[in-house]
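> Quick one: sequence plus predicted model below, questions after.
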Amino acid sequence: MTTKFRIDRDCLDAELKDLTTWATVKHDGWTEAKRVRFEKFEGAIRKYFAGACVKDVCLELGISRQELHRALRRCLQEHADGRIYGWRGLIHYARQKSYVRTIPVTPHPRARKGGDTGAFGQFLDRNPDLEEGIQKRFYKEMGDEMVDEPRIPLTAILTWLIAACKRKGLTGRDYPLCTQSMARTALWRYLRDLIARDTQKAADARFGKHSARRWRRTGHGPSTIKATRPFERIEFDGHRIDASCILLIPHILGGYVKRHLERFWLLAIIDVFTRAILGYHVSLNSEYTADDVLLCVKHALTPWTPKTITIPGLSYAKEAGFPSAIGNLSWVAFEEFSYDNAKANLARKVLNKITTATGASINPGPVETPERRPFIERFFQTLEEAGYHRTPSTTGANPNDPRRRNPKKAAETLEITSDHIREIAELVITRYNATPHSGLGNKSPLDVMTAFASNDNGLRNTIPEDRRHNLGLLDVEFTKTVRGNIAKGRRPYVDCEHARYRNDVLARNVDLIGTKLELVMDPEDARSVTAHLPNGAELGALTANNFWGITPHTLEMRKAIHILKKKRLLFLSDNQDPIPAYLRFLAESANNKKTTRAYARAQDYLRRQERSKKTLTPEKAESETPATESAAPARKRTLTY
């Protein structure tokens, strides 16, 4: 907005004359004289815009016409915030423009103090090339002139300025060389003004990528993190656990070999409205995968049951648990799924499976902006401080953390295993859900969830009962051709991932030979697949032949066994169960990180199968299965927590 030099209230815009929109001033703590002066000019302006005669206003309040017009011009001047000054223009001695020096700096010895107010600004006005050089170095915009430093020190800018002044022919009697500090304080003040002038550019150049990103994307505009009820918006993320553990691998000569695991992940889902953790998953992979993400979602959707805690002295807190254990909140899906742009999260498999199973909308959010998911990020800090940072094998928040005291040795001495890591996660998360939260009016997340469950308002998106037995979150699909040969007496079958699948229906229908079937496999249990005809009709469940259809195993384990057979590292006979042989091979060759993690994943899978009450192998195969970590003899040392 612009203001004419001559004040005429009839020519001013209506919005300028609307005193209700003017910025106000709080003058409670002012002196009596300053407050009286402010109220006098405020009353004069109000009367002026009310249509009173200027002469009468000036006589009544004892001010001159020139003083009134000057006060009006100050109030109508544009402010740096984009509005007019309003009543702020009546603050006595408040500057509306910066000081500009007009008198040149006279040569003087360095010992003289004072008399140089505004001299640095005048110096830059007369030497725009030096001002441009200062700004280029401060903002790191040197271009091809030189390679920018990560962060150019302010002293380096001062050194360059002094050298540039000498190259221009300035002497010790010229400013700034004539000052005792070589204009150091003035330069510091000018550089501070550059930060205020273009804060984003200064943050990029001076304060690092993290600060620049936060300044660019937070603290302004309307908040996008809103939820009005449970399950409306959830946040998902993965966190690398700050702890070290070991894996006990049975040795061929007896006893156990200890292998270290350091880089493993905890994935969690939190409800924004109630702050409740809906589900979690501990991944032993060095980087979590798309399947790990889907396993975490599966844990959040399925009803929770307590686990057996093996750490002496630890147990579930009172009323601890997960929302899925509450009657009316079992199998409740979420509406908005918010996560970051990690590669595992952006996998098309994750997007399709989550939207199909839950009907949720996916919100990846901006790249490298964890501030858009503040609740899950803050929870991970709580998890570490209440859990893993208290264990003897913690790696600490950083290499210099005093809590970090040889975590590998502590894990090996105390025999802290991956099972302990999972149990700590289970106990800390369930206790967190039952702990009163200040953001919830000192109610726990489970209390808020229970109140929501008791209110039958129809706002819950529940997964139908006929789909609960098979959510299909991890399913993979194949298109395979039915093989068979009547002349050779070979019944129809389907070859998928190095195993033959068939059922009685397929074995009787020789007319299906050559037909392409759509197969759906759960990679967590590759013993069977669901087959569909080309028209979409279900053919039924096909079971793999031999031990592939009996012993529980994952698709990953089967592929690994096939690779080992191809490389002639693993030899199997037709009547030998491949799964125990594979475990023995991993136990004997677990001398590097890759085979150690593969063994850990295989043992973890077998323990999950045992907990789900599934048969491991037939009697003969059970005798061939090596002892697992859970079968280790009781140890005297216990984990203190």
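Cool, the structure landed. Numbers count the residues shown, from 1 in each chain.
> where along the stretch 401-550 of the chain do the helices fall?
Applying DSSP state H, counting those that start in this stretch to the stretch 401-550 of the chain gives helices spanning 407-414, 418-433, 445-454, 465-468, 504-508.
> low-scoring stretches of this structure, by residue?
Low-confidence segments of the chain (pLDDT under 70): 1-6, 108-112, 145, 147-148, 220-225, 250-256, 456-459, 590-592, 611-641.
> circling back to that earlier point, turn the helices of the stretch 401-550 of the chain into a markdown table, columns for distance to Cys58 and mean neighbour count.
Placement of C-beta: from N, CA and C, glycine included. Output for the helices of the stretch 401-550 of the chain, formatted as a markdown table (distance: least, C-beta to C-beta, whole Å; neighbours: other C-beta atoms under 10 Å):
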| stretch | distance to Cys58 | mean neighbour count |
| --- | --- | --- |
| helix 407-414 | 81 | 18 |
| helix 418-433 | 69 | 22 |
| helix 445-454 | 64 | 20 |
| helix 465-468 | 82 | 10 |
| helix 504-508 | 104 | 14 |
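> mind checking which of those is nearest Ile269?
Ranking the helices of the stretch 401-550 of the chain by their distance to Ile269 (criterion: C-beta to C-beta) puts helix 418-433 first, at 10.7 Å.
> Distance from the chain centre to that closest one, please.
Put simply, helix 418-433 sits 21 Å off its chain's centre (C-alpha atoms, centre = their mean, to the nearest Å).
> end-to-end on stretch 218-234?
One end of stretch 218-234 to the other measures 20 Å (C-alpha to C-alpha, to the nearest Å).
> same question but for stretch 178-190, I mixed them up
19 Å.
> buried ones in it?
By 16 or more other C-beta atoms under 10 Å, the buried positions in stretch 178-190 come out as Cys178, Thr179, Met182, Ala183, Arg184, Ala186, Leu187, Tyr190.
> Using a markdown table, please lay out the helices of the stretch 401-550 of the chain together with distance to Phe322.
Formatted as a markdown table, these follow (distance: least, C-beta to C-beta, whole Å):
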| stretch | distance to Phe322 |
| --- | --- |
| helix 407-414 | 28 |
| helix 418-433 | 6 |
| helix 445-454 | 8 |
| helix 465-468 | 17 |
| helix 504-508 | 40 |
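> Show me this structure divided up by domain.
Split into domains by automatic domain parsing, the chain comes to 14-90, 119-217, 233-468, 476-544, 555-631.
> so which of those gets nearest Arg101?
Comparing the domains of the chain by C-beta to C-beta, domain 119-217 comes nearest, at 4.5 Å.
> thinking again about what came up before, which of the domains of the chain has the highest mean neighbour count?
Compared across these, domain 233-468 shows the largest average neighbour count, a mean of 18 (mean count of other C-beta atoms under 10 Å).
> Please state the offset of it from the chain centre?
For domain 233-468, the separation from the chain centroid amounts to 14 Å (computed by C-alpha atoms, centre = their mean).
> Kindly report the same for stretch 38-58.
Using C-alpha atoms, centre = their mean, the offset of stretch 38-58 from its chain centre is 57 Å.
> Identify the residues contacting that stretch?
Stretch 38-58 is contacted from outside by 9, 17, 19, 25, 27, 30, 60-65, 67-68, 71-72, 75, 87, 90-92, using C-beta atoms under 8 Å, 6 or more residues apart in numbering.
> redo that, cut-off 7 Å
Stretch 38-58 is touched from outside by 9, 17, 19, 27, 61, 63-65, 68, 71-72, 75, 87, 90, with contacts defined as C-beta atoms under 7 Å, 6 or more residues apart in numbering.
> of those, closest to Lys566?
Trp87 (83.3 Å).
> got the contact list for the residue lying closest to that closest one once chain neighbours are set aside?
Among residues not flanking Trp87 along the chain, Val25 sits closest, at 4.8 Å (C-beta to C-beta, 6 or more residues apart in numbering). Val25 makes contact with Trp87, Arg88, Ile91 under the criterion C-beta under 7 Å, 6+ apart.
> can you rerun that using 10 Å?
When contacts are counted by C-beta atoms under 10 Å, 6 or more residues apart in numbering, Val25 touches Phe38, Glu42, Gly86, Trp87, Arg88, Gly89, Leu90, Ile91, Ala94.
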